[in-house]
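[1] Provide a 3D model corresponding to the input given below.
(chains A and B)
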Number of protein chains: 2
Amino acid sequence: MDCVVLLSGGIDSTTAFYLIQKEHRVFLALSFDYGSKHNAQELRFARYHAEKCGVRHEIIDLDFIRRSFKSDLLQSGGAIPQGSYDDDNMKSTVVPFRNGIMLAIAAGYAESIGAKRIVIAAHSGDHAIYPDCRPGFIRSMGEAISAGTYEDIQILCPFLNQNKGDIVRIGAELGVDYSQTWSCYCGGDLHCGKCGTCVERREAFAQAGIPDPTRYQN
Amino acid sequence: MDCVVLLSGGIDSTTAFYLIQKEHRVFLALSFDYGSKHNAQELRFARYHAEKCGVRHEIIDLDFIRRSFKSDLLQSGGAIPQGSYDDDNMKSTVVPFRNGIMLAIAAGYAESIGAKRIVIAAHSGDHAIYPDCRPGFIRSMGEAISAGTYEDIQILCPFLNQNKGDIVRIGAELGVDYSQTWSCYCGGDLHCGKCGTCVERREAFAQAGIPDPTRYQN
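    Now for the predicted structure:
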């Protein structure tokens, strides 16, 4: 099947990008510039992997999120919470309906270029905090995209019931170079090592039993 | 309930904008600039009605549609088909998953500003041609938005089972000034009177038994 992949440049979507190429053709990798603190770092790695695989890559500017949405993930928001990823305070980093917006745009692209599947790397570790990563959302959004397009375009969500440790294990088998991915929500030159998403990143490599190639500041 | 209304400046969304204010508060009217041939004309009227009602109005630039999507509705596309609106050739004016994209963006806005409902003016006359106007799409998209937001945001679709004649009748009772709305897909100074959407506009006034205030070129 011909696919559009949502590729942020983080661990999850980068792994999905390589995994899906084992069985499908990726027509287009889509990334989004929406004013997050770590957008520049993420996009650099998204571009790296798309170019490495010879896949067309588009970066969509979502200026309205930058200007108008409320989230501590954004440059306009407050400080990124430190500590465990599942702490309730990570809720402040939710960008409202971000996955819904990205999937809808990907659906429009897919129908425009003749792709039949959209790939998103939502996983079970996101379910507690992010409503637009949960199975119920993915299922309904998939039905909406199927109903709202001529070509019955569908969502593939390969990690929906796996956690980030599983993803790193799968990626290591595929030879994904995780030194060329970005997680840290703070967006400095190095991963801070202390924010919720850095803590989650460290834990994923530990769970997978894979050496963590990341250079952390702390 | 506090609402976000999708307001294009056409007959349907303008009528929905006034109708919904009878029972709800409109926090925000959202319009989209995506490179259609008639965007400038539509947006002028959307702004007019938002200002008249003292409602915050935002115009979202969807540059990626302008650059990358295929549709004869776009400035980059072919000629607008003439004749009856339900002719199969109107299919060439579909912008892939446009309503899905607009609703998803509206859901993000709604959650950011504390609105609980999103209003879209899809109606039964659109069902045949536009998959993202059909009841199945609206229902699934509503479920996705409800599942993907914290605040159980829902879609209101007041005209889902009514036709454009019904809408004009409702709007006339509300005192909507239809001379301040735009339909023509060709985007000239006056409504062309011959394209599918002009034909549909004429028929709606005739069906409603309301004088048509539109100045047509033909």
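[2] and A:Ile153, what does it touch?
    By Cβ atoms under 8 Å, 6 or more residues apart in numbering or on different chains, the contact set of A:Ile153 is A:Ala107, A:Ala110, A:Glu111, A:Ala115, A:Lys116, A:Arg117, A:Ile118, A:Ile145, A:Ser146. C-beta coordinates here come from the backbone N, C-alpha and C atoms, glycine included.
[3] among these, which lie within helices?
    Under the assignment DSSP state H, the contacts of A:Ile153 contribute A:Ala107, A:Ala110, A:Glu111, A:Ile145, A:Ser146 to helices.
[4] what sits closest to the last one if chain neighbours are left out?
    Same thing as A:Ser146. Of all residues not flanking A:Ser146 in the chain, A:Asp152 sits nearest, at 5.3 Å (Cβ to Cβ, 6 or more residues apart in numbering or on different chains).
[5] can you pull out the low-pLDDT segments for chain A?
    The model of chain A has pLDDT under 70 over residues A:85-87.
[6] which parts of it are strands?
    In chain A, the strands defined using DSSP state E lie at A:2-6, A:25-33, A:57-61, A:117-119, A:154-156.
[7] as a markdown table, those with distance to B:Gly54 and mean neighbour count would be great.
    Below are the strands of chain A laid out as a markdown table (distance: least, Cβ to Cβ, whole Å; neighbours: other Cβ atoms under 10 Å in any protein chain shown):
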| stretch | distance to B:Gly54 | mean neighbour count |
| --- | --- | --- |
| strand A:2-6 | 38 | 25 |
| strand A:25-33 | 33 | 21 |
| strand A:57-61 | 30 | 17 |
| strand A:117-119 | 40 | 24 |
| strand A:154-156 | 40 | 20 |
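[8] surely the residue nearest to A:Ser146 is in contact with A:Gly142?
    No. Using Cβ atoms under 8 Å, A:Asp152 is not in contact with A:Gly142, being 10.6 Å away.
[9] who has more neighbours, those two?
    For A:Asp152 and A:Gly142, the more surrounded residue by other Cβ atoms under 10 Å in any protein chain shown is A:Gly142, and the numbers stand at 21 against 10.
[10] residues in contact with the nearest residue to the more buried one once chain neighbours are set aside?
    Nearest non-adjacent residue to A:Gly142, counting by Cβ to Cβ, 6+ apart: A:Ile155, 4.1 Å away. Counting by Cβ under 8 Å, 6+ apart, A:Ile155 makes contact with A:Leu103, A:Arg117, A:Ile118, A:Val119, A:Ile120, A:Ile138, A:Met141, A:Gly142, A:Ile145.
[11] closest to B:Arg47 out of those?
    Among these, A:Leu103 lies closest to B:Arg47 (Cβ to Cβ), at 29.6 Å.
[12] what's near enough to touch the residue nearest to that closest one when sequence neighbours are not counted?
    Counting by Cβ to Cβ, 6+ apart, A:Leu103 lies nearest to A:Met141, which is 5.5 Å off, once chain neighbours are set aside. Applying Cβ under 8 Å, 6+ apart, we find A:Met141 in contact with A:Asn99, A:Gly100, A:Leu103, A:Ile155, B:Ser140, B:Met141, B:Ala144, B:Gly148.
[13] for A:Met141, give its distance to A:Arg134.
    10 Å (Cβ to Cβ, to the nearest Å).
[14] where do the contact lists of these two overlap?
    With Cβ under 8 Å, 6+ apart, A:Met141 and A:Arg134 have common neighbours B:Gly148.
[15] and the residue nearest to A:Gly142, what are its bridge partners?
    Here A:Ile155 sits in beta bridges with A:Ile118, as judged by DSSP bridges.
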